[in-house]
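Novice: Predicted model and sequence below, questions to follow.
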Amino acid sequence: MPPDTAAAIRHWGETLDLGLADGQVDALAAYLALLQRWNATYNLTAVRDPGEMRTQHLADCLAVVPALRRWRRAHPLARRVLDVGSGGGLPGVVFAITEPDLQIVCVDTVGKKVAFIRQVALELQLSNLTAEHARVESLPAPAFDLVVCRAFASLADFVALTQRALAPGGMWMAMKGRPPGDEIAALPTSAHVFHVEPIAVPDLQAERCVVWMQRPTAPAPESG
């Protein structure tokens, strides 16, 4: 484990006020090392430079954890999170490490990526992390409290593909670059954007946001 990786993770944890334990720092660094090693053979991500991988992947996903925790405080009974099109486990693996009492399921249609996430769960002893080699629309019940994606699809496609996977009262969380006004305008009536949250990524000069969506609330019946 390169010492600069652990130092960078500690710095990001402090900047984001994540309160990372030493074991979590070690697990995140070990995950990044696994991602770099597997990527050389299995092409899990187009980003290959170790420094860029640290910031563009790890810091990028850690920066969303405060938003995830605010959602958790508002929904204290929620436990099941689905990461759609997880690829190399971003953000699913990061969420599994930082939020050990959440049940994280990563789904991807590419077998080698699913195999990698399963290996990460095994080597890092993440009992709250599982991976499914499937299309998201074919996943069996039960549904999920939060459905997450990062660089997966347009918002309209994301919502359409994951309607069945979202539990009643659940939310969608889409990690995006700049606020996607055109994608928001193209959303079907089955999804409502209630917040576009700016995200500041430590050591990365790039625009990021999280688009929060839910099913529209049914209007109250008229009295009388």
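Specialist: It's in.
Novice: Provide a list of residues in contact with Lys113.
Specialist: Neighbouring residues of Lys113 by CB atoms under 8 Å, 6 or more residues apart in numbering: Tyr42, Leu44, Ser86, Gly87, Gly88, Gly89. All C-beta spots, glycine's among them, are computed from the backbone N, C-alpha and C.
Novice: So what does the fifth one look like in phi/psi?
Specialist: Recorded main-chain torsions at Gly88 are phi -80, psi 20, according to degrees, to the nearest 10.
Novice: Also the second one?
Specialist: Summarising the backbone geometry of Leu44 under the convention degrees, to the nearest 10, its torsions are phi -80, psi -30.
Novice: pLDDT score for it?
Specialist: Note on Leu44: pLDDT of 74.
Novice: burial of the spatially closest residue to it that is not a sequence neighbour, as a residue count?
Specialist: Nearest residue to Leu44, sequence neighbours excluded (CB to CB, 6 or more residues apart in numbering): Gly88, at 3.9 Å. Neighbour count of Gly88, defined by other CB atoms under 10 Å: 26.
Novice: Need the nearest residue in space to Ala200, chain neighbours excluded.
Specialist: Ala63 (6.6 Å).
Novice: Oops, could you answer that again for Thr217 instead?
Specialist: Per CB to CB, 6+ apart, closest to Thr217 is His192, 7.9 Å.
Novice: for the one you found, what are its contacts?
Specialist: His192 neighbours (CB under 8 Å, 6+ apart): Met213, Gln214, Arg215, Pro216, Thr217.
Novice: If you rank these by neighbours, which is first?
Specialist: Neighbour-wise, the contacts of His192 (other CB under 10 Å) top out at Met213, 23 neighbours.
Novice: now the helix or strand hosting that residue: how far from the chain's centre is it?
Specialist: If you go by DSSP states H and E, Met213 is part of strand 208-214. Here strand 208-214 is found 12 Å from its chain centre; the criterion is CA atoms, centre = their mean, to the nearest Å.
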